[in-house]
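Engineer: Provide a 3D model corresponding to the input given below.
(chains A and B)
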Amino acid sequence: MFMVDMLSWWYSRGWGVFVDGFKTRLRDSVDFFSIGQLLRTLFKPYRQISANSNSQGMEAFFDKLISRLVGFFVRVFIIVFGGIALLLESLLGIVMIVAWPFAPVLVVAGIAMSVMGVTL
Amino acid sequence: MMFDYGSLRAREARLGKKLGKIVAIFLVLAVLFAVLGGYLVFVREALCWVCFSLAILFVMIYYWAKRELIPVPVRADEGLNGVLSNDVLAAMPRNPKIADLATVVAKTNSGKFMAVRYGITPNFLSALVADFPEGFNVGQIFETAMKIREGTDSEELHGAILAAAIIANHPASESILKQMRLEMKDVLDGVVWFNYLNGLVRSIGKREHRGGIARDLSFGYIPTLQRFGQNISAEQEGAMKTQIHQSAHKEIVEQMVSIFSNTGRQNVALIGAEGSGRSTIVKAFAELLLNADAKLPSSLQFRQIFKLDAATMISSAPERGQIEGLVMHILGEAFAAKNIIIWLDNAQLFFEDGTGSVDISNVLLPIIEAGQLRVIMTMDQQKFLEISAHKSTLANALNKIQVPPANEEETMKVLQDQTPVLEFQHKVSYTIWALKEAYRLSSKYIHDLEMPGKALSLLDTAGEYASPSRLVTSESVQEAVEKTSGVKVSGGATSDDDKSRLLNMEELIHKRMIDQVDAVKTVSDAMRRAAAGVRNESRPIGTFLFLGPTGVGKTELAKALSEVYFNGEDHIIRVDLNEFVSGADVSRLIADATEDELSLTAQVLKQPFSVVLLDEIEKAHPQVLTTLLQMLDEGVLRDVRGREVSFRDTIVIATSNAGAEKIREYVSNGKSLADVREEFLNYLLSPEYAATAAAAGMSAFRPEFLNRFDEVCLFKPLSPTDCMQVLDLIIAGVNKTLEPQKISVEVSADAKELLVSAGYDPQLGARPMKRIVSKTVENLVAKAVLSGAASSGTTITVTREMIEAEL
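Structural biologist: Numbers count the residues shown, from 1 in each chain, chains lettered A, B, ... in the order given. This next block holds a predicted model:
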């Protein structure tokens, strides 16, 4: 009964539960790397480092420009790093979702392979 | 509707219970077999596939257990068996009987919750189910439980709901709950309360979306602000979610979003009394701004709220110019950072000069008017009016929002919401009666805060007075009030001893008072009615007017009442109204406690369970009497600060000698006072008496004043025979005083006759008697003790001759 209950869950609600869990984790990661927000503020000054300076005219313009450039590079770095992390997480999740129905089969196949004496 | 023991959820719940503690072992086994499999691959062993198979199998079991068994998810479409909570399912036997349900409830977390907080213990439930007939259809309980689940918006049908359903089905449920000082609504509130706490526990570990890495990259550095301000937004991250239970407060948060989203004056002034929830509103607003999933304009999202503390700033920059410079610097930093909303809590501290406050309105006003920096201010109505009077420009520049206090239902929700925090701090558990008592007593005795703040503050203090079992009960709350404010609140008749004293009140009073049988009976009857709950709760416990000549026992009856009803003669607040003979004296009667601790209102604030004795009421100025009307009528009196002082736990006794001659005349003509009562009262209201009173400089009685009293008691003059009994009481008093020295006094019969003839005065009643006893008997005892004639164990016998010698 134990195995029957588990397998019936595995091939019914279990798959959906796993997909939901994957989506929640992905949403958390998207919030953590906040790529949308980074893109929206890509050219905003970094930590407003020029805002408190008393410079004026061209000096102020260059202060702000440097601040924007620093902000741009920091954000691009996070976008690239976050993008890769999200991509890897997504790929892993998709592989797991695809592999889900094969997991019980793999258990049986493994035992069969051992019985047949298959080695690498 | 029946429980299916063999249903999938029931099976899973039972299995989940068994696997609960060992589930992590499956993960460990999976890792071990995976590692072993890897090793066997390395040594080219075919057994490696079995190891991998087992590793996959254990991962599958682990995942299944975590996602499906612990706990079993709700399947609302499967009826009763789909919504029963995990612990109920795991504990439920096959074909449960009504008695089994009580056992099941006891095993669940929600059942334990109801036992601790509502007294619905396993024993109570077992006793309850024993009253159900043999073969009672359990399906009826499940049907009620399903209705309760729906009515309380519960996701699961847990033990608390089952307990409520059992109670609801009991034929005498109403009377049983009444005995526990509960109603069915309280039990249902308990279900909602449990749901809330359960939800909090389940939300632990769930990630909230707060904007991630990108959130603060565009916002500036704020080192000075961080030093002098308190980051409310940062405190909300990871803290328990701020709940708002008042619909008015929810609207205020929406109003704040609207004001700060639009162009125009970027400020909000929250005007409300302390304790009304101003800070909670600001915290809820801070939390909303940090919620990435909330639908907010981008100009508001992820803005942080910083609270500025006037005292810290003043201590760092004591000179006038310095503080203004510091404020400008901080506000400049906040403006440049572009994500700061400044919160000036107790904002009046920034607009007035004084200890701990500084007037920097000249700096703040241009900033507020310009609307460049977002500012929230909180202050109370009185302070806002004061500021408005002096700085109308500033007041006009503010977007004012009134914060109303919470009602009882909302306050109870706030208290339930905050109990987990208080319980964690004090390591105690709060019962529902503690919460109710905190609301009741705080509304009566805490005057400087508003609801829900004052009830919460009292509940917090009560955490220090928990019982040895770490339970905070209504008694803990009473003790907290008594210990922290000096107010005695646990008075009145509650125990069996108190009830017995009330039933034998006349007898007890007559132990210290002679005659006046009618007056004593009238008062005793009224007190018994009050103690039995047959009284208007919005008036004092009893209001009496004692009329009669001097020295006949009016004050003595008031003292006796204090002793019998409030367990002590010290529970008496005496006000001599002959000191309140002008209209200006009203302010002295209701003076603030800080200015005059002996004013009537100050004394009642301090000791609300008291006999208030208003002596010589006929001598008070009519304005004083008019002031007292409200107290007699509504049980409250406003002090000079406009603060409501409750007299609803007092017994008010007014005494007067008015018409004493008339009473003597009735008695000397052999009339019973009970028979002439109406005639006498008419006399007091007659122009004849008014003229007499005016001639003596006294107030005339008005019908509306006399009618305010529950009872008017007439005291007859004491006869020489009565005085003999008074003398016995006085001598008994002398003996009581001498008891520690083990000396006693006996007065011979002829000596007593002499004392009565010397001490009796028809005009002054028994009053001179005490002086005579003091002058004779007490003097004789003093001499005997000092001369060594009397020592421990001696009985001094006082004879007529000895008295004659002393007189």
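
Engineer: okay, how far is it across stretch B:146-159, tip to tip?
Structural biologist: 12 Å (C-alpha to C-alpha, to the nearest Å).

Engineer: buried residues, that stretch. List them.
Structural biologist: Neighbour-count burial for stretch B:146-159, counted by 16 or more other C-beta atoms under 10 Å in any protein chain shown, picks out B:Met146, B:Ile148, B:Arg149, B:Thr152, B:Ser154, B:Glu156, B:Leu157, B:His158, B:Gly159. In short, each C-beta sits where N, CA and C put it, glycine included.

Engineer: likewise for stretch B:496-509?
Structural biologist: Result for stretch B:496-509 [16+ other C-beta under 10 Å]: buried residues B:Asp498, B:Arg501, B:Leu502, B:Met505, B:Leu508, B:Ile509.

Engineer: quick one: the second one and B:Val564 touch, right?
Structural biologist: Read that as B:Arg501. Yes: B:Arg501 lies in contact with B:Val564 (C-beta atoms under 8 Å); the separation is 5.6 Å.

Engineer: between these two, which contacts overlap?
Structural biologist: B:Leu508 (C-beta atoms under 8 Å, 6 or more residues apart in numbering or on different chains).

Engineer: now do B:Phe351 against B:Leu197, distance only.
Structural biologist: Note on B:Phe351: its distance to B:Leu197, by C-beta to C-beta, to the nearest Å, is 42 Å.

Engineer: neighbour count winner among the two?
Structural biologist: Legend: neighbour count by other C-beta atoms under 10 Å in any protein chain shown for B:Phe351 and B:Leu197, higher for B:Phe351 (24 against 18).

Engineer: what does that one show for phi and psi?
Structural biologist: With angles defined as degrees, to the nearest 10, B:Phe351 sits at phi -120, psi 10.

Engineer: how much space between it and B:Lys400?
Structural biologist: 15 Å.

Engineer: and B:Leu217, by the same measure?
Structural biologist: According to C-beta to C-beta, B:Leu217 stands 36 Å off from B:Lys400.

Engineer: ok, back up a step: quick check, nearest of the buried residues of stretch B:496-509 to chain A?
Structural biologist: Of all the buried residues of stretch B:496-509, chain A sits closest to B:Asp498, with 60.7 Å by C-beta to the nearest C-beta.

Engineer: can you list contacts of the worst-scoring helix or strand of chain B on mean pLDDT?
Structural biologist: Least confident helix or strand, chain B: helix B:496-503 with a mean of 78, by mean pLDDT, DSSP states H and E. Helix B:496-503 has contacts (C-beta under 8 Å, 6+ apart) with B:Gly492, B:Ala493, B:Leu508, B:Ser524, B:Met527, B:Arg528, B:Ala531, B:Val564, B:Tyr565, B:Asn567.

Engineer: other SSEs contacting the helix or strand just after it?
Structural biologist: For helix B:496-503, the following helix or strand on the C-terminal side (DSSP states H and E) is helix B:505-510. Of the remaining helices and strands, those touching helix B:505-510 by 3 or more C-beta pairs under 8 Å, 6 or more residues apart in numbering or on different chains; DSSP states H and E are helix B:517-531, helix B:554-566.

Engineer: how much space separates B:Leu36 from chain A?
Structural biologist: Using C-beta to the nearest C-beta, to the nearest Å, B:Leu36 is found at 13 Å from chain A.

Engineer: kindly report the same for B:Ser258.
Structural biologist: Distance from B:Ser258 to chain A, by C-beta to the nearest C-beta: 23 Å.

Engineer: may I have the predicted confidence score for that residue?
Structural biologist: You'll see B:Ser258 listed with a pLDDT of 95.

Engineer: run the chain-centre distance for the longest helix seen in chain A.
Structural biologist: Using DSSP state H, we find that the single longest helix of chain A is helix A:57-99. Mean-position distance between helix A:57-99 and its chain equals 13 Å (C-alpha atoms, centre = their mean, to the nearest Å).

Engineer: secondary structure element for B:Lys17?
Structural biologist: helix B:8-19.

Engineer: typo on my end, it should be B:Val575
Structural biologist: Assigned by DSSP H and E, B:Val575 belongs to strand B:572-576.

Engineer: got a list of what B:Asn657 touches?
Structural biologist: By C-beta under 8 Å, 6+ apart, the residues touching B:Asn657 are B:Leu547, B:Gly548, B:Pro549, B:Thr550, B:Glu616, B:Glu618.

Engineer: how close does B:Val534 get to B:Ile509?
Structural biologist: The gap separating B:Val534 from B:Ile509 is 21 Å, by C-beta to C-beta.

Engineer: and if you look at B:Phe609?
Structural biologist: As judged by C-beta to C-beta, B:Phe609 and B:Ile509 stand 19 Å apart.

Engineer: now stretch A:22-39 - C-alpha only, PDB.
Structural biologist: C-alpha atoms of stretch A:22-39 as PDB (Å, rounded to 0.1, in the frame of the first residue of the first chain):
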ATOM      1  CA  PHE A  22      10.200  25.000  -9.200                       C
ATOM      2  CA  LYS A  23       8.200  28.100 -10.200                       C
ATOM      3  CA  THR A  24       8.300  29.500  -6.600                       C
ATOM      4  CA  ARG A  25      12.000  29.000  -6.400                       C
ATOM      5  CA  LEU A  26      12.500  30.700  -9.700                       C
ATOM      6  CA  ARG A  27      10.300  33.600  -8.700                       C
ATOM      7  CA  ASP A  28      12.400  34.000  -5.500                       C
ATOM      8  CA  SER A  29      15.600  34.000  -7.600                       C
ATOM      9  CA  VAL A  30      14.100  36.600 -10.000                       C
ATOM     10  CA  ASP A  31      13.200  38.800  -7.100                       C
ATOM     11  CA  PHE A  32      16.700  38.400  -5.600                       C
ATOM     12  CA  PHE A  33      18.600  39.300  -8.800                       C
ATOM     13  CA  SER A  34      15.900  41.800  -9.700                       C
ATOM     14  CA  ILE A  35      16.900  42.000 -13.300                       C
ATOM     15  CA  GLY A  36      13.900  44.000 -14.300                       C
ATOM     16  CA  GLN A  37      14.600  46.700 -11.700                       C
ATOM     17  CA  LEU A  38      18.300  46.700 -12.800                       C
ATOM     18  CA  LEU A  39      17.300  47.300 -16.400                       C
END
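
Engineer: any residues touching that stretch, and which ones?
Structural biologist: With contact meaning C-beta under 8 Å, 6+ apart, stretch A:22-39 is reached by A:75, A:78-79, A:81-83, A:85-86, A:89-90, A:93, A:96-97, B:207, B:209-215, B:217, B:292.

Engineer: how far does it sit from its chain's centre?
Structural biologist: 7 Å.

Engineer: in it, what's buried?
Structural biologist: Buried-residue list, stretch A:22-39, by 16+ other C-beta under 10 Å: A:Phe22, A:Asp28, A:Ser29, A:Val30, A:Asp31, A:Phe32, A:Phe33, A:Ser34, A:Ile35, A:Gln37, A:Leu38.

Engineer: likewise stretch B:624-644?
Structural biologist: Here stretch B:624-644 shows B:Val624, B:Leu625, B:Thr627, B:Leu628, B:Met631, B:Leu632, B:Glu634, B:Gly635, B:Val636, B:Leu637, B:Asp639, B:Val640 as buried, counting by 16+ other C-beta under 10 Å.
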